[in-house]
Structure formats: structure tokens, C-alpha cells
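# make a model of this:
(chains A and B)
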Amino acid sequence: MIAYRLDTRSGLAPYLQIVQQTRDALRLGLLRPGDRLPTVKEVVGSIAINPNTVLKAYRELEHEGLVEGRPGVGTFVLRSLGGPNTDHPRLRRRLERWLMEARDAGLDDESISALFSATLRGSLQQEDIA
Amino acid sequence: MTTDLKTAAIETSALSKRYGHTWALRDCSLSVPAGKVVALVGPNGAGKTTLLHLAVGLLEPTSGEVRTLGSPPRERADVLGRVGFVGQDVPLYPGFRVREMLEMGRRLNPRWDAEVALDRIRRHDIDLRQRAGTLSGGQRSQVALALAVAKRPELLVLDEPLASLDPLARREFLASLMEAAAESEVTVLLSSHLVTDMERVCDYLIVLSASRVQVLGDVDQLLATHRTLIGPRTDGDEVAGVTVISAEHTERQSTLLVRMDRPVLDPRWTARDVSLEDLVLAYLAHPTSSTLPGPTAGPRRRMEVGA
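Numbering: from 1, shown residues only, chains lettered A, B, ... in the order given. Down below sits the predicted model:
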């Protein structure tokens, strides 16, 4: 069983935080197929959020085919997710090389992360226009 | 549960209450959707308590109408049996033991669920022999909530339940309240002058300001349609498709909180998501802005710089 937490300053909608934390747990192997997710009542009783927020997150996970709700029994994990290390070794190696170049160019972590987000946003906008 | 999910738990039309020459609530028309957790926020003195007291039949309207669970609460006493009410300052009899309050609840309420009440009280390590006057603020709130929930209400109304609690007790109280919401399809209406406490628990928001309703709507919907725009200093209505709620300017930069009718594509503006607190504070600071249609409190059509 996993426990959720809520970061009110993250800017990410609470239901998406639950979705993301579940996905992380699936990647890290903390949740495996057949495991039961906490009930809605358990989640709201521990982190004091609206029950509909939890339902919305579980529906989203269900829609992605990661979990399955069984009426009256609970919500169960259907499949796990590969971790980023195992899934894309080449992309990761190239990113590491890029990071080394960026540091050599004198960029600190904050500038690197700003450059990355700006580029990501730019590429998304281009996709929208295209 | 007898309430149809589609019907409103509370419906008011042109509801007004006047004390002498002062209007505590004016021309309030709203509908509290059933099955939701509804936050009623606004500054002190905005009329929150008046609205709640009208809804549970403790006050008589000066004019207008209120229907609670389908009926006017002062005409239909049976309605109040289906409503749980926790008033401000949690009025419990200080000399009563917890056990005696539970016994009183059982005798007064035909739908009383003794097990629910006992379970809640035990979970918070409250001794049944303790007198109400010796309970901590957090424990007192939990007892009041247990008594209200044990009525098996269709509507739970709480007036500033967090005001006197420390941060830990607040969190525990909200968790406990959300458990009650998860257990049944009860509609929860709670008031607060602090938006931050409400943000994580409510899915519907009512903002009262100066005895009028200023903002009303589904929280997801409100957050999806409002953004903070940051860009070069603007003098004029150059941002198409938005209604400016609040604007701040420096020599070179403008920061606008806006309601969007469609996405802002102008690349000079960086759009950021707003928190519920930002949104509420922007409206409260600009009393002429409102999410409600209508001439008296309609949105400003053109951008006013420096407003």
C-alpha cells in the first residue's frame, strides 16, 4: 500500500499529483500488478482532500489502463510501468552528454532547467501551430 | 439517500436580510448543488453567517426566498432533521460529559447512528467521561462533527469550523470532514474567511462580499478559465478574449489576472495558472468584478489600466 501526499505549492492540480505519484510508484516497483490502491476514504482521511479529487485521479489511471476499479472491492493495479532508466537508455545517455556540455558552457542547474523548459514550451507551441 | 443528485441542496432567490438599516445579505440568488463540498468564503462581515442561518431556519428572511432540501426551512420542521448544523464557536454544553451529549443526540434524532458517533469519538482518543468544557479546541470540533454526522444528514452546514483551531487540528478536522463526505452522498457547505484551507477540500465555491454574491461556480471550471498574464506594460484593451479582473503595473511590466473566454495566443504574454486564493483575492479587491451575469455586477468589458 502506498501513501499519497499533497504539495499545495506545486501548482499541479491535486488529482494530477495523485496520478503522478501512482505512476512513480509503478515505475519504482512500489506498486505491482494485483496491488490494491488506498480507498477513497483512506486517502481523504490522511491528506484531507475532496473525495471527488481522488475519484477523478483513479478514473484517469483507469482510463490509462493502469488500474481497474472493482465495485465494492477496491481499485487494483493492472500493470506496472517501466522506469526511465530501463526504457530509454540512449536518450538518457545523450541527455547526460548534453548536460555535461551545458555545465562546460558555464550554465548552473537553474539556467539549465530554465533553458530546458523554455525549449520544451517552444516545441509544444510549434506543434500546436503545425 | 432520498435527495436526487441533480436537485439543489439549497436554493435562494433574491434572498435578503436586514438588521435595522443595515443589509446583512442582499439580493442573494444561488443554488448549492447536491453532493458537493461547497466553500462559502468572504471577508468578516460579508454575510456568511447570515446566509447559513437563513439556510438552516435560524433566521427569517426580510425578503426573498430560501429552500433547503426542497422546502422553506422555517415552515417545514422535518427538513431540519435531515440537516446537520455546526455553529460558530462550536456551542457544546460545557458541563455535559461526552457520553451525555451522545445520549441527547440519540433521543432527539430519529435517524441517529450511535455507532458512527462512537467510532468517530474513539478514533480521536476522546474519553466519553470527559466534560465538554475540558476538551481541547480540536476535540470539541471533532465531537461537534461526530454529533452532526451521526444524524445521518443529507446536508451538513458548518459555520467557520476552522477559525479557532491550530494548523494540526485544522488538518485533522478537514480530514475527518472529508471522510464523512466520502462515506455518504452528503452535501457539505462550510464557511471560512481563509481560502487556503478551502482550496484542497471544496469542489464548488461561493464568494460573498459586502452582503452580495460575487463569485459562484465549480472550482475546476473557475481555475480552468482564469490565468495570470505577465507581459510588457500595456495601456489599452490589447488582450483579446479576456476580461481583466485585476491589473498591476510597473514601468515595464503588466501583471493581469483575467478570465479567459478562449486561450490567449499573443506570444508577448506568459500565462500562468492561478491558485484559488489568487482568484478570490483578485475578485475581492475589485468589487465591481463578478463571475455572475447581470448589469449590476457584470464583467468589465474593456481593460482599465491602473485599476
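# helix or strand with the lowest mean pLDDT in chain A?
helix A:84-87 (a mean of 60; mean pLDDT, DSSP states H and E).
# how far does stretch B:163-171 sit from its chain's centre?
The chain centroid and the centroid of stretch B:163-171 are separated by 17 Å under C-alpha atoms, centre = their mean, to the nearest Å.
# would you mark the buried spots in that stretch?
Residues B:163, B:165, B:169, B:170, B:171 are the ones in stretch B:163-171 that count as buried (16 or more other C-beta atoms under 10 Å in any protein chain shown). Where you see a C-beta, it was placed from the backbone N, CA and C, and this is true even at glycine.
# and that stretch, anywhere near chain A?
Yes - counting by C-beta under 8 Å from any C-beta of the partner chain, chain A has neighbours in stretch B:163-171: residue B:171.
# and chain A, which residues reach chain B?
Within chain A, the positions adjacent to chain B are A:6, A:8, A:11, A:13-14, A:40-41, A:44-53, A:125 by C-beta under 8 Å from any C-beta.
# where does residue A:10 sit, in terms of helix or strand?
For residue A:10, there is no helix or strand it lies in under DSSP states H and E.
# can you pull the contacts of it?
With contact set as C-beta atoms under 8 Å, 6 or more residues apart in numbering or on different chains, residue A:10 has these partners: residue A:17.
# do you know how far it is from residue A:20?
As judged by C-beta to C-beta, to the nearest Å, residue A:10 and residue A:20 stand 10 Å apart.
# so what's residue A:1 closest to, chain neighbours aside?
Among residues not flanking residue A:1 along the chain, residue A:38 sits closest, at 6.1 Å (C-beta to C-beta, 6 or more residues apart in numbering or on different chains).
# picking that back up, just the buried ones from the residues of chain A next to chain B, in ChimeraX syntax?
Here is the ChimeraX selection string for the buried members of the residues of chain A next to chain B, based on 16+ other C-beta under 10 Å:
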select /A:6,13,14,40,41,44,45,46,47,48,49,50,51,52,53
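# so which of the residues of chain A next to chain B sit within helices?
Using DSSP state H, the subset of the residues of chain A next to chain B located in helices is A:14, A:40, A:41, A:44, A:45, A:46, A:47, A:51, A:52, A:53, A:125.
# could these be laid out in a markdown table, adding pLDDT?
A markdown table is the format used below for those (pLDDT from 0 to 100):
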| residue | pLDDT |
| --- | --- |
| A:14 | 89 |
| A:40 | 94 |
| A:41 | 93 |
| A:44 | 95 |
| A:45 | 93 |
| A:46 | 93 |
| A:47 | 93 |
| A:51 | 95 |
| A:52 | 93 |
| A:53 | 93 |
| A:125 | 70 |
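# out of these, the closest to residue B:246 would be?
residue A:14 (24.8 Å; C-beta to C-beta).
# that closest one contacts residue A:49, correct?
Yes - with contacts counted by C-beta atoms under 8 Å, residue A:14 reaches residue A:49, the gap being 5.7 Å.
# shared neighbours, those two?
Between them, residue A:14 and residue A:49 share these contacting residues under C-beta under 8 Å, 6+ apart: A:6, B:200.
# list the buried ones in the helix or strand following the least confident helix or strand of chain A?
Where DSSP H and E defines the elements, the next helix or strand beyond helix A:84-87 is helix A:89-104. Buried residues in helix A:89-104, counted by 16+ other C-beta under 10 Å: residue A:102.
# how far does helix A:89-104 sit from the chain's center?
The answer for helix A:89-104 is 22 Å, by C-alpha atoms, centre = their mean.
# how about stretch B:26-42?
Distance of stretch B:26-42 from the chain centroid (C-alpha atoms, centre = their mean) equals 7 Å.
# could you check the pLDDT of residue 117?
Picking chain A for this. On pLDDT, residue A:117 comes in at 83.
# actually chain B
Note for residue B:117: predicted pLDDT of 92.
# same thing with the one 5 residues further on?
The confidence metric pLDDT takes the value 91 at residue B:122.
# in terms of helices and strands, where is it?
For residue B:122, the host element (DSSP H and E) is helix B:114-123.
# quick one: mean pLDDT for stretch A:96-108?
Mean pLDDT, stretch A:96-108: 94.
# what's the answer for stretch B:68-77, then?
On average, stretch B:68-77 scores 90.
# and the next helix or strand past the host helix or strand of residue B:214?
Assigned by DSSP H and E, residue B:214 belongs to strand B:212-218. Next helix or strand after strand B:212-218 toward the C-terminus (DSSP H and E): helix B:219-225.
# can you name the residues of the stretch 201-307 of chain B that neighbour chain A?
Residues of the stretch 201-307 of chain B found near chain A (C-beta under 8 Å from any C-beta) are B:201, B:202, B:203, B:223, B:267, B:273, B:275.
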